[in-house]
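Trainee: With the input below, show me the fold.
(2 chains)
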There are 2 protein chains.
Amino acid sequence: MIKIIVDCFGGDHCPQAPVDGALAALAKNPDLHVILTGDEAILRQTLEGKAYDASRLEIVDAPEVIGCDEKPTDVVRLKRNSSMMKGIIMLRDRDDIAAMVSTGSTGALVTGTLVRLGRIPGIIRPAFCPILPTMDGGIVGICDSGANVEVTSAHLRQFAIMASLYMENVYGVPKPRVALLNVGKEAEKGDDIRRETYQLLQETSSVNFVGNMESRDLLSGNYQVVVADGFSGNVLVKTTEGTALELLGKLKKEIYSRTLYKLGALLMKKMFAGMKEFMNYQNYGGSVLLGTSKVVVKGHGSSKAVAVEKCIEQAYKMEVSGLSAKIETEIAKYEHYED
Amino acid sequence: MIKIIVDCFGGDHCPQAPVDGALAALAKNPDLHVILTGDEAILRQTLEGKAYDASRLEIVDAPEVIGCDEKPTDVVRLKRNSSMMKGIIMLRDRDDIAAMVSTGSTGALVTGTLVRLGRIPGIIRPAFCPILPTMDGGIVGICDSGANVEVTSAHLRQFAIMASLYMENVYGVPKPRVALLNVGKEAEKGDDIRRETYQLLQETSSVNFVGNMESRDLLSGNYQVVVADGFSGNVLVKTTEGTALELLGKLKKEIYSRTLYKLGALLMKKMFAGMKEFMNYQNYGGSVLLGTSKVVVKGHGSSKAVAVEKCIEQAYKMEVSGLSAKIETEIAKYEHYED
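Mentor: Coordinates of the predicted model:
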């Protein structure tokens, strides 16, 4: 039995989306056990009348609410009885629990796991690794995308190793092609950190490093892992999502502006639906936090039930794949520098 | 008469595109005089049989060729007789010349103008400011997008002031809304540089600072100037262009996959053509280099004649608007720190 905590009180559609997502995952995976954290009374009410295997569902009361404007450090210190912090502490303390899924505050989750949960031995900093679909039907993982706005080349090398193992073991991508996000392809491009990292990755036999990548090539399918600092990685991922959404929105607006276009779009209905599904990030699961001592998956704040379900499946697959042990073994081959 | 140098030997379609672009601009602006730099024999050959006002066109022989892999510093030092370097030196030395347009190497252009041309008094670092179309029919300028991969908050404040004046004086945007590119909206987000810049911009009455912007909102139309370091600004611009191109490409491929879709697309032909034009960055001119002592416009390496023509028009407008003097006046209101 794989036990996974679902933080039910973060995100725009809570607790409905986390609860429904958990029930859907539960129905599909007979080997799954979920632990819902949050206000117990509300959770019981949300579950009322729904069909599920109660022997594989647990509720842990954690009624404290995290405000939008609360500082992550304050949340970690003062809100130990919130759905997120209680989840992290339980994940740390209970050997029978494998993973946690949350759609709550990114900052609180990063700080909370760093302070309360801990890292895989050898890992300097955990990092996010969201997945985007590429135009050839493949996928690409971007690591980091926001956990560390400031990094060193040693961090970036670890991100490359972790993300490679993740793509290989959880998504079955053999020998993922790893690129370093930079302002140009040439080895001497970028700042000192980029140049150092380029050298370091060339000497890292654990990853299939293929050089620098300019951001316009992200969706080309030429790369399966892109290594970045959390600031520019965040810009990379959010710009891609934003541009896709804005363009789809404009397309829709244009179509509705003339009857002729509406007619044309009717013939292409299936195609447009396919494009929309293709670009819907809710289909690609959450942004896993690589390098924490136990599996943590961060879902988008706007996640609906289906997205939460995908996050739970992702956490499940990560646990089953034994990713953490593999990361520990591989990282141990290289010197690491604590900061 | 406004005299503008056109570097004819950089970019993918040279010398054809720069020459044709120059002739088109010449035909439209009776007050324009162009100076083509490059291999004179080839330029004369390219001009053969074409109709133009020869009294407003000058050719300056600069036959040295800049290789793809040459270091910018080597180009500046050793290739004084290349089309780009000769152009920069002439721009510096001849009072009658107002501006220069180039589609050549970005690195060589940045280093060349820094070393040989100089800056507007008070400006610490010149910065690129390309323009992108927003979904509401407006435009947004991103400054910097690649000239400075490492910056301080003092640099970023100057970028905000320069880009505001540029949008106001060259594009007629009144009181442009200025945002700082960051990983979240809250004032405390990002690294120390971002937090310092946020404070600094709040105290800068020369700009209409409205706060942090997450990259997914770039095309929303809510902002007319986005301030960024050259690394993440580069990622922002190239990801937007790349995602738009990839999506259009996918759409096209999907359409061609079924006769029914082709039929539908036929009804929407005008709409798709409009979308394509809307997203064609060649329509939005080049990436101007703000802060150099004379006007410099960098066109995309893949620029065709129409894009070069837009760059020349942009340079012309910048000169006529008296932008440099306005930047000097505004910058003088604030302390600046040389580095």
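Trainee: CA only for contacts and neighbour counts going forward, please
Mentor: Fine.
Trainee: Quick check: mean pLDDT of stretch A:30-40?
Mentor: The pLDDT scores in stretch A:30-40 average 98.
Trainee: Can you point out the buried residues in that stretch?
Mentor: Residues of stretch A:30-40 classed as buried under the neighbour-count rule (16 or more other CA atoms under 10 Å in any protein chain shown) are A:Leu32, A:His33, A:Val34, A:Ile35, A:Leu36, A:Thr37, A:Gly38, A:Asp39.
Trainee: do stretch A:95-106 as well
Mentor: Of the residues in stretch A:95-106, those scored as buried under the neighbour-count criterion (16+ other CA under 10 Å) are A:Ile97, A:Ala98, A:Ala99, A:Met100, A:Val101, A:Ser102, A:Thr103, A:Gly104, A:Ser105, A:Thr106.
Trainee: for it, the distance to its chain's centre please.
Mentor: The gap between the average C-alpha position of stretch A:95-106 and the chain average comes to 12 Å, counting by CA atoms, centre = their mean, to the nearest Å.
Trainee: From start to finish, how long is that stretch in a straight line?
Mentor: 25 Å (CA to CA, to the nearest Å).
Trainee: Next: stretch A:165-182.
Mentor: With CA to CA as the measure, the first residue of stretch A:165-182 is 22 Å from its last.
Trainee: So which residues on the stretch 201-339 of chain A come close to chain B?
Mentor: Applying CA under 8 Å from any CA of the partner chain, one finds that the stretch 201-339 of chain A approaches chain B through A:214-220, A:231-232, A:234-236, A:238-244, A:246-247, A:250-251, A:254-255, A:260-261, A:263-268, A:271, A:275.
Trainee: hmm, back to that, looking at the buried residues of stretch A:95-106, which are in helices?
Mentor: Secondary structure assignment by DSSP state H places A:Thr106 of the buried residues of stretch A:95-106 in helices.
Trainee: Using a markdown table, please lay out the buried residues of stretch A:95-106 together with distance to chain B.
Mentor: Conversion of the buried residues of stretch A:95-106 to a markdown table gives the following (distance: CA to the nearest CA, whole Å):
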| residue | distance to chain B |
| --- | --- |
| A:Ile97 | 32 |
| A:Ala98 | 30 |
| A:Ala99 | 26 |
| A:Met100 | 24 |
| A:Val101 | 22 |
| A:Ser102 | 19 |
| A:Thr103 | 16 |
| A:Gly104 | 15 |
| A:Ser105 | 11 |
| A:Thr106 | 10 |
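Trainee: Can you flag which of the buried residues of stretch A:95-106 belong to strands?
Mentor: Within these, residues falling in strands by DSSP state E are A:Ile97, A:Ala98, A:Ala99, A:Met100, A:Val101, A:Ser102.
Trainee: Okay, and the beta partners of the last one?
Mentor: For A:Ser102, the beta-bridge partners under DSSP bridges are A:Asp7, A:Lys298.
Trainee: I figured it hits A:Ser303, correct?
Mentor: No - between A:Ser102 and A:Ser303 no contact is recorded; they are 10.0 Å apart, counting by CA atoms under 8 Å.
Trainee: can you give me the strands in the stretch 201-339 of chain A?
Mentor: Across the stretch 201-339 of chain A, reading from the start of the chain, the strands by DSSP state E, counting those that start in this stretch fall at A:208-213, A:225-227, A:287-290, A:295-298.
Trainee: Show the low-confidence segments of chain A, by residue range.
Mentor: Per-residue confidence for chain A (pLDDT under 70) gives these ranges: A:336-339.
Trainee: cutoff 80 now
Mentor: When residues are selected by pLDDT under 80, those of chain A lie in A:67-69, A:281-282, A:335-339.
Trainee: residues touching the residue nearest the centre of it, list them.
Mentor: Ranked by distance to the mean C-alpha position of chain A (CA atoms, centre = their mean), the top residue is A:Ser287 at 0.7 Å. A:Ser287 is in contact with A:Phe128, A:Cys129, A:Pro130, A:Ile131, A:Val297, A:Lys298, A:Gly299, A:His300, counting by CA atoms under 8 Å, 6 or more residues apart in numbering or on different chains.
Trainee: Surely the first one is in contact with A:Ala147?
Mentor: This points to A:Phe128. Yes - counting by CA under 8 Å, A:Phe128 touches A:Ala147, with 6.0 Å between them.
Trainee: Neighbour count for these two, which is higher?
Mentor: For A:Phe128 against A:Ala147, the residue with the higher neighbour count under other CA atoms under 10 Å in any protein chain shown is A:Phe128, and the figures read 28 against 23.
Trainee: Tell me which residues touch the residue nearest to that one when sequence neighbours are not counted, please.
Mentor: In this structure, A:Phe128 finds its nearest non-sequential neighbour in A:Leu289, 4.5 Å apart by CA to CA, 6 or more residues apart in numbering or on different chains. Under the criterion of CA under 8 Å, 6+ apart, the neighbours of A:Leu289 are A:Pro126, A:Ala127, A:Phe128, A:Cys129, A:Val295, A:Val296, A:Val297, A:Lys298.
Trainee: can I get those in CSV with distance to A:Pro72?
Mentor: Compiled in CSV, these are given as follows (distance: CA to CA, whole Å):
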residue, distance to A:Pro72
A:Pro126, 16
A:Ala127, 17
A:Phe128, 17
A:Cys129, 20
A:Val295, 20
A:Val296, 17
A:Val297, 17
A:Lys298, 15
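Trainee: Let's see if you can find the most crowded of these.
Mentor: A:Val296 (32 neighbours).
Trainee: what's the longest helix along chain A packed up against?
Mentor: Under DSSP H, the helix in chain A containing the largest number of residues is helix A:230-255. Using 3 or more CA pairs under 8 Å, 6 or more residues apart in numbering or on different chains; DSSP states H and E as the contact criterion, the neighbours of helix A:230-255 among helices and strands are strand A:139-143, helix A:259-267, helix B:230-255, helix B:269-279.
Trainee: One more pass at 10 Å, please.
Mentor: Contact partners of helix A:230-255 among helices and strands, from 3 or more CA pairs under 10 Å, 6 or more residues apart in numbering or on different chains; DSSP states H and E: strand A:127-129, strand A:131-133, strand A:139-143, strand A:177-181, helix A:259-267, helix A:269-279, helix B:230-255, helix B:269-279.
Trainee: what helix or strand is A:Ile5 on?
Mentor: strand A:2-7 (DSSP states H and E).
Trainee: now that strand and strand A:97-102, what's the angle there?
Mentor: For strand A:2-7 against strand A:97-102, the angle between stretch directions is 30 degrees (axes from the mean of the first three to the mean of the last three CA atoms, to 10 degrees).
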